[in-house]
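Colleague: sequence? don't have it. structure:
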C-alpha cells in the first residue's frame, strides 16, 4: 500500500511516522523534510518498519540526474532559482513583508540554504526541497535557493 500526501507539510510532520507503520509513504510536500527532526525520524522509521519514503520529482525535471551525480560524489554545489510574480507566493514572515513591499522591479527575496527557506515558503518551494533530497550528498543545508 502507498499513502500519498499532497495537502501540506504539516501532514508529514504530524502523521508521517504513523503512515509508515501501515504503508509506504510519498511526501508530496517535501518542504516538511527541511525540518531536520522530521527528516531524521522518517528515515529512521523507514529503515526499521519495512516501508519506504518516496519524494516525487514533480517539476524538478533533472532530479534523477542530480541524484546520480550525488551518488557518484561529483555534485559539489546546487542552486535553484525561481522567478515568479509577487502575487503568486504564499509566504510566512519575514519574507511575506518583504514580498508585500515589492514594486515593479525584479528583486531577490531570498538567497541562502533551502532548509531555512522551506518554513518561510512551504507552499512555493517544494521543487527546491526535492532538489535538496536528490542532492543527498549536499542536503538542505548546502543546496541554495
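Modeller: In hand now; what should we look at? The shown structure was predicted, so the numbers you read here are calculated from the model rather than taken from an experiment.

Colleague: And the pLDDT for residue 17?
Modeller: Note for residue 17: predicted pLDDT of 98.

Colleague: Need the phi and psi values for it.
Modeller: With angles defined as degrees, to the nearest 10, residue 17 sits at phi -60, psi -40.

Colleague: I'd assumed residue 41 was in contact with it.
Modeller: Yes. Applying C-beta atoms under 8 Å, one finds residue 17 in contact with residue 41, separated by 5.8 Å. The C-beta positions use only the backbone N, C-alpha and C, and glycine is treated the same way.

Colleague: tally of neighbours for residue 76?
Modeller: Neighbour count for residue 76, taken as other C-beta atoms under 10 Å: 9.

Colleague: Check residue 90 too.
Modeller: Using other C-beta under 10 Å, residue 90 has 10 other residues around it.

Colleague: all strands for the protein, in order.
Modeller: Under the criterion DSSP state E, the chain carries strands at the ranges 2-5, 24-27, 53-54.
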